[in-house]
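Trainee: what's the 3D shape of this:
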Amino acid sequence: MNMAEGLIFDIKRYAIHDGPGIRTTVFFKGCPLSCWWCHNPEGQSFSPELMVWPDRCLKCRTCISACPNSAISISNSSIVTERGKCEVCGVCTAKCSANAREIVGKIVSAEEVMAEVEKDREFYGESGGLTASGGEPLAQPVFLHVLLNRCKETGIHTTVDTSGYMERKTLAKISSKVDLFLYDLKMMDPKKHKLHTGVSNKPIIENLKMLDKLGKQIIIRFPLIPSVNSTKANISTMCELVSGLRNIRRISVLPYRQLGVDKAKRLGKGVRIFAKPSDRMLDQSLRLIKSYGFAVNVGG
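Mentor: Numbering: from 1, shown residues only. Below is the predicted model of the structure:
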C-alpha cells in the first residue's frame, strides 16, 4: 500500500451520479483520448498543470516577481502566463493570496486515497462505494489495482468509469476487482472516432465484448453531442452492437454541456464549443434507444 502512488486531480465525496448509491469519486489524471468535447480537460494531461482564474486576480503582481522563470508578465492590465516558460513549480500559486492560480494534479499514495474513501463508509450502504474516474483510471493500472484490491478486502463496492481504451490484458487483470463498469461508447464510425478522440474505437469495442463474456456488470454511457454523434445511424449502430451482448441492458445518455470550456481556457488550452442538444434531439435519442429494449436514463 505505501509504495503505490498515483496522479489524481480531485476526490469528490457524496457523489450520486457516478454509480449506485452515495460514492467517493477519485479522478485520475491522464487520458489517452483527446475528445473534442471533454468536460474534464484537466484530466487529459499526465502531468500537473497550472490553472489560472483571471476573475479572481487582484493585479497585485506578486506572482510576477515570484516566478523563477519570468513566465508571468502584465499586458494591457492583464496578468499573462507564458506557458512555454512555466515549469509548474507552484511558487506563484503559493504566493497568490487571491487563489487565482492553482496547480491541478498531485501525487498521492493509495493509503491517502483509502483514508478519504473510508471517511464515508457509513454512508455507502450496500450499493455505494468507490468510483475511479478521470481522465482514464486504467492508464494508471498499478495504482488502480491496489485501490480496487483494498476496497474488495474491506467490502467496499467498486465502480470504474472508463473509455475502454487500453490493452486487453490490463483490463482483464483488474476486472475481477470491479463490481460495475461505466463504459463510454462515443461513436461507431472508426474514422470519425479517430478524428474526434484521437484514437481508434476498435480496442474499445473488443474490450467491451471481453467484459461482457466475463459476465461483468456494465452500464453504457453515451455522450450526446450535436453534429458529432447525434445521428440516427450512429445511435442505431451502437444499439445493435450492444444488443448482441448478453449482460448489458442499460444505457445512460449524457447530453453535452459546456462544462469543460471555461476550464480549458484556464489551463491555456484550445477549446471547441458545441451546441447543447435540444429537448427534441434528446427525446428522439431516448426513444430510439428504448426501441431496442434498453432501460435508458439521462445522466448518472
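
Trainee: any low-confidence regions in this protein?
Mentor: Along the chain, the parts satisfying pLDDT under 70 run over 1-3.

Trainee: domain assignment for it?
Mentor: 5-46+106-298, 49-104 (automatic domain parsing).

Trainee: now mean neighbour count too, for these, in a markdown table please.
Mentor: Where you see a C-beta, it was placed from the backbone N, CA and C, and this is true even at glycine. What follows is the domains of the chain, written out as a markdown table (neighbours: other Cβ atoms under 10 Å):
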| stretch | mean neighbour count |
| --- | --- |
| domain 5-46+106-298 | 18 |
| domain 49-104 | 15 |
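
Trainee: what packs against the strand of greatest length in the chain?
Mentor: Longest strand in the chain by number of residues, with DSSP state E as the criterion: strand 5-15. Contact analysis of strand 5-15 by 3 or more Cβ pairs under 8 Å, 6 or more residues apart in numbering; DSSP states H and E lists strand 23-28, strand 106-109, helix 110-119, helix 141-153 as its packing neighbours.

Trainee: ok, now with 7 Å
Mentor: Judged by 3 or more Cβ pairs under 7 Å, 6 or more residues apart in numbering; DSSP states H and E, the packing partners of strand 5-15 are strand 23-28, strand 106-109.

Trainee: distance of the closest residue to Arg101 other than its chain neighbours from Phe28?
Mentor: Distances taken as Cβ to Cβ, 6 or more residues apart in numbering put Thr93 closest to Arg101, at 4.5 Å, once the chain neighbours are dropped. Distance from Thr93 to Phe28, counting by Cβ to Cβ, to the nearest Å: 22 Å.

Trainee: so what's the backbone phi/psi at Gly128?
Mentor: phi -80, psi 170 (degrees, to the nearest 10).

Trainee: ok, it to Arg221 distance?
Mentor: Gly128 is 19 Å from Arg221, by Cβ to Cβ.

Trainee: how about the most centrally placed residue in the chain, what does it touch?
Mentor: By Cα atoms, centre = their mean, the chain has its centre lying nearest to Gly134, at 3.1 Å. For Gly134, the contacting residues are 27-28, 31, 43, by Cβ atoms under 7 Å, 6 or more residues apart in numbering.

Trainee: what residues are up against the closest residue to Asn297 other than its chain neighbours?
Mentor: Nearest residue to Asn297, sequence neighbours excluded (Cβ to Cβ, 6+ apart): Ser252, at 5.5 Å. By Cβ under 7 Å, 6+ apart, the residues touching Ser252 are 219-222, 297, 299-300.

Trainee: which of the residues you listed sit farthest apart?
Mentor: Ile220 and Gly299 (13.4 Å; Cβ to Cβ).

Trainee: so how far is the helix or strand Leu208 falls within from its chain's centroid?
Mentor: Assigned by DSSP states H and E, Leu208 belongs to helix 202-213. Here the centre of helix 202-213 is set off from its chain's centre by 19 Å, with Cα atoms, centre = their mean, to the nearest Å.

Trainee: returning to that earlier point: tell me the one of the contacts of Gly134 nearest Asp10?
Mentor: For these, the minimum distance to Asp10 (Cβ to Cβ) is 4.3 Å, reached by Phe27.

Trainee: which residues does that closest one contact?
Mentor: Contacts of Phe27 by Cβ under 7 Å, 6+ apart are 8-10, 43, 133-135.

Trainee: if we go to 8 Å?
Mentor: Contact analysis of Phe27 by Cβ atoms under 8 Å, 6 or more residues apart in numbering lists 8-12, 40, 43, 133-135.

Trainee: tell me if Asp18 really is in a helix.
Mentor: No: applying DSSP: H, G, I helix; E, B strand; the rest coil, one finds Asp18 to be coil, outside a helix.

Trainee: got the phi/psi numbers for it?
Mentor: phi -120, psi 40.

Trainee: and what about the residue lying closest to it once chain neighbours are set aside, helix, strand or coil?
Mentor: Once flanking residues are discounted, Asp18 sits nearest to Thr131: 4.1 Å by Cβ to Cβ, 6+ apart. Classification of Thr131 using three-state DSSP returns strand.

Trainee: roughly how far apart are Thr131 and Cys67?
Mentor: In terms of Cβ to Cβ, Thr131 sits 37 Å off from Cys67.

Trainee: could you do Gly6 as well?
Mentor: Applying Cβ to Cβ to Gly6 and Cys67 gives a distance of 28 Å.

Trainee: where along the chain do the strands fall?
Mentor: Using DSSP E, strands in the chain cover 5-15, 23-28, 49-52, 72-75, 78-81, 101-104, 106-109, 129-133, 157-162, 180-184, 218-224, 250-255, 295-298.
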